[in-house]
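Enquirer: here is my input, please return the structure:
(chains A and B)
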Amino acid sequence: MRTRLVTVLLALITAFLVIPGAAATADEQGGESLHGQIGQPDDRDQGVEGIGITVFQGDDEIEAVTTDSDGIWEVELPEPGTYRVVVDQESVPSEYAVRETALLVDGEAEVEVESNDRRMLIVVLTEAGAAAEEEAETEAAEEGGEATPTDAEEAPSDDEAVEVEGVSGGFGERFVQLSAAGVLFGLVIAVSAIGLSLIFGTTQIINFSHGDMVTFGAMMALLFSSGAAGMGNSLLAIFAGLGVAILLGAFMEGRLGRTTLIVLQWSSVLGGIALATALGVLGDDIGWRVPLWAAAAIAVVMGAVLGGTMERYLWRPLRKRNVALIQMFIVSIGVALVLRHVILVLFGANRTRYAGYQVQELVHIGPVSMPPRDLVIIAVAVVVLVLVACLLQFTRIGKAMRAVSDNRDLAESSGIDVDRVTLYVWLLGGGLASLGGVLFGLNQVVDYEMGFRLLLLMFAAVILGGLGTAYGAMVGGLAVGLVAMLSTLWFPAQLMNAWALALMILMLLLRPQGLLGSRERVG
Amino acid sequence: MDIFMILAEAARSAVGPIAAIYALAAVGLNLHFGYTGLLNFGQVGFMLVGAYGVGISVAVFDLPVAVGFLVGLGCAVVLALLLGIPTLRLRADYLAITTIAAAEVLRLVYRAGFAEPLTKGVYGLQNLSSGFREVNPFDAGGRYGVGAITFTGNQMWLMTVTWGLVALFLLITWLLIHSPWGRVIKGIREDEDAVRSLGKNVFAYKMQALVLGGLIGALAGAMLAVHQGAIQPDQFKPQVTFFLWVILLLGGAGRVFGPVLGSMAFWFLMSFTDGFLKGLGREGLLPFLSGPDYGAIQLAFAGLMLVLLIVFRPQGLIGDRKEMLINVK
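Expert: Numbering: from 1, shown residues only, chains lettered A, B, ... in the order given. Predicted structure coming up:
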């Protein structure tokens, strides 16, 4: 068992290493330096070119540089010490102005650089003339806390807040708008969180890597909708190999001999990796792209395979070794770190959006106005939730899932193949997490940390609804989404997630088993 | 690629200021998880209040650094009480989710716009270390060390204080664990109900452990603030807590020296992989990776280390396997 696990892990690592990532030359880093990136005020990913930055030590000029086309600048420093950085106000395009901060006064900043420190200096541009206005806005926000989310978007790097389009007008109107946005957000959380809740119910594992499965889904959809080249083909090949291996295990166990099965499974996995390597070498020669809905479907299937793989090759062996639940929890954190940073290496840290769905006319339905893409998100989420509910309520496998979730031992003794049901739960959970990622990415932006940001809200949702109950996750998700969005009526948008988490803590105090959970001792 | 330079640099980080600070925070976590069985996944929250205790006192109110340390410690006690009262009666995994959520809430509050007069929002606070460096007995400009492993005077002073604190708290931990109090909290880790049936107030003992470990974490945060001289809320992301867990499990939870050994080994490995990858990159052997990827690979490596440790050696380097096999409920 031990050797098998090691082999799987090694194979996965090799597989990821042979996939060609973004080709770029490695830049050397050593010694001390100052660096930074200057972006446009409305879109920080768009760099501003040609801003002059000069670094002085005392009165001696060290180096003068200008930002490149991505707005990136860097100055190598001779030694640790205190340096004075001067931003050349003349070179800043006239439509922008340098934002004053505690550190950066009048375009000048004093920075202390430790030895071997690659220190970043944040220089933020604002629209010229907006500086004074913005000050006033900030004050208003402090006094009344009435800042609308649109105002708060101007705040520096507010990646913690979720954007809402078209929210304006009086209190009543904004209440309705934000409620609609809350329902949307809640549905996305619910779709992603069902898997988390079902997995906890069937295996008692608190799966910390669920958030990164969400990211995985969003990234895959992005990859295949924006043109799958070498990397997409390779990933598809690997996942096809893994998927075949899992399906073989699920359906052929008992019908084929044990040795044959293992040989077949491993040849499938290794075949996938070999094919991936071959496709990786071919590189971008086989390029293709599909529309977003098809890319989303591929992403859902791949997410399901990812979930199934984790269950089959990680969690099941661990369960067989009787590893304690707390240890499993820590393992899932490790898996989350690995998954997140492999995604980061493969796809980079950029914040991207699905192309072609960004600028849309608002559709007005009664008092609510939304872009059509949000309506599609709501429709898809509702349909999927209803389907999942039907699956759980009426089908054989759904009933088995609920039975295992209720009482694993009792289910096993009444003849349910618990291992197989658990595998299906992971497949379902992984697929739904991917779908949730696509929906969340469509509504917001796709970046490598999006899933982790959503994870804590998913925890809040499942705890609110009752850990282990699928319907609880739906109710909890909606509640969390509404609370998060409506809190921006009175409080700053940056704190919206904090309110959702506070709601979770409150729930733990008052009713630890959650809204729909059965009363058992959790204390 | 000079493998000896990389090894020397790795050894330098293994004894350097950051390793000392993480060791200190892990000593606190060891008290929580290693001895009491509390799944605290919000240790970074304690570090945050410690760091901002110093930061706000020094940078905003112009108070001496010593007062800042006291403010930070006071905040940590308050945080531990706020966190403990609702959650210590719950099952262990609920405590884990609540602590990580609370630490995230803290970070969000500290970086939010309305807190800007005190915390300066996402830009953070600057110039925090002058008060600490004024009492530096070492020559700030000089280099100290052996061979290729040298530190500046300021770093030496910080390392002396931090490793001194680590030694102090190791001694305190050792004394506590070999006292009747220590036997009770180890009993709580093994079987809470058994301890309760002996008439002990389990909740009170857990709370004491949480406060004490949190204080040590806050002290580590305060040392981080004076070490860097500048703090931003976003450096207190949950990753820090995960690093602390790797350190604790690597060294061996439930062992007095576990955190120290773990921190040294962890930072040695992190620095070594970093230097090694960069060295390979410089030789042109990793053409498909760019600069920022190395950091990501390092973090993925930390995650992999966490998985492999739990699966194959849950007791860490010096732990006792029997002590770690308990199934905390």
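Enquirer: the lengthiest helix in chain A and chain B in contact?
Expert: As assigned by DSSP state H, the longest helix anywhere in chain A is helix A:171-203. No - shown here: helix A:171-203 not in contact with chain B (CB under 8 Å from any CB of the partner chain), separated by at least 9.0 Å. (C-beta placed from N, C-alpha, C; glycine too.)
Enquirer: next SSE after that helix?
Expert: Using DSSP states H and E, the helix or strand that directly follows helix A:171-203 along the chain is helix A:210-225.
Enquirer: helices or strands next to that following helix in the packing?
Expert: helix A:171-203, helix A:230-252, helix A:292-310, helix A:325-347, helix A:418-443, helix A:450-465 (3 or more CB pairs under 8 Å, 6 or more residues apart in numbering or on different chains; DSSP states H and E).
Enquirer: could you dump those to JSON lines with mean pLDDT?
Expert: Below are those laid out as JSON lines (pLDDT from 0 to 100):
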{"stretch": "helix A:171-203", "mean pLDDT": "88"}
{"stretch": "helix A:230-252", "mean pLDDT": "83"}
{"stretch": "helix A:292-310", "mean pLDDT": "91"}
{"stretch": "helix A:325-347", "mean pLDDT": "87"}
{"stretch": "helix A:418-443", "mean pLDDT": "92"}
{"stretch": "helix A:450-465", "mean pLDDT": "88"}
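Enquirer: now the ones you listed in TSV, with mean neighbour count?
Expert: Shown next, in TSV, are the helices and strands packed on helix A:210-225 (neighbours: other CB atoms under 10 Å in any protein chain shown):
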stretch	mean neighbour count
helix A:171-203	24
helix A:230-252	21
helix A:292-310	23
helix A:325-347	23
helix A:418-443	26
helix A:450-465	27
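Enquirer: out of these, which comes closest to residue B:24?
Expert: helix A:325-347 (21.4 Å; CB to CB).
Enquirer: the single nearest residue of chain B relative to chain A in helix, strand or coil?
Expert: Going by CB to the nearest CB, chain A is nearest to residue B:303 of chain B, at 2.7 Å. Here residue B:303 takes the helix state, with states given by DSSP: H, G, I helix; E, B strand; the rest coil.
Enquirer: hmm, it is touching residue A:342, no?
Expert: No - counting by CB atoms under 8 Å, residue B:303 does not reach residue A:342; the two are 9.2 Å apart.
Enquirer: picking up where we left off before, how many neighbours does the residue of chain B closest to chain A have?
Expert: 25 (other CB atoms under 10 Å in any protein chain shown).
Enquirer: any idea how far residue B:309 is from it?
Expert: Look at residue B:303 and residue B:309: by CB to CB, to the nearest Å, they are 11 Å apart.
Enquirer: repeat for residue B:102
Expert: For residue B:102, the distance to residue B:309 - CB to CB - is 26 Å.
Enquirer: which bits of the stretch 351-500 of chain A sit near chain B?
Expert: A:452, A:456, A:459, A:460, A:463, A:492, A:494, A:495, A:497, A:498.
Enquirer: and those, which two are furthest apart?
Expert: Greatest spatial distance among these (CB to CB): A:463 and A:492, at 24.4 Å.
Enquirer: in chain A, which residue sits closest to chain B?
Expert: residue A:337 (2.7 Å).
Enquirer: check contacts around that residue.
Expert: Taking CB atoms under 8 Å, 6 or more residues apart in numbering or on different chains, we find residue A:337 in contact with B:239, B:242, B:299, B:300, B:302, B:303, B:304, B:306.
Enquirer: before we move on, what about residue A:216?
Expert: Applying CB under 8 Å, 6+ apart to residue A:216 gives the contacts A:299, A:302, A:303, A:306, A:339, A:343, A:433, A:434, A:437, A:451.
Enquirer: can you tell me which of those residues is closest to residue A:515?
Expert: residue A:433 (22.0 Å).
Enquirer: from residue A:72, how far off is that closest one?
Expert: From residue A:433 to residue A:72 the distance is 34 Å (CB to CB).
Enquirer: and if you look at residue A:439?
Expert: For residue A:439 relative to residue A:72 (CB to CB), the value is 33 Å.
Enquirer: kind regards, and thank you for your time.
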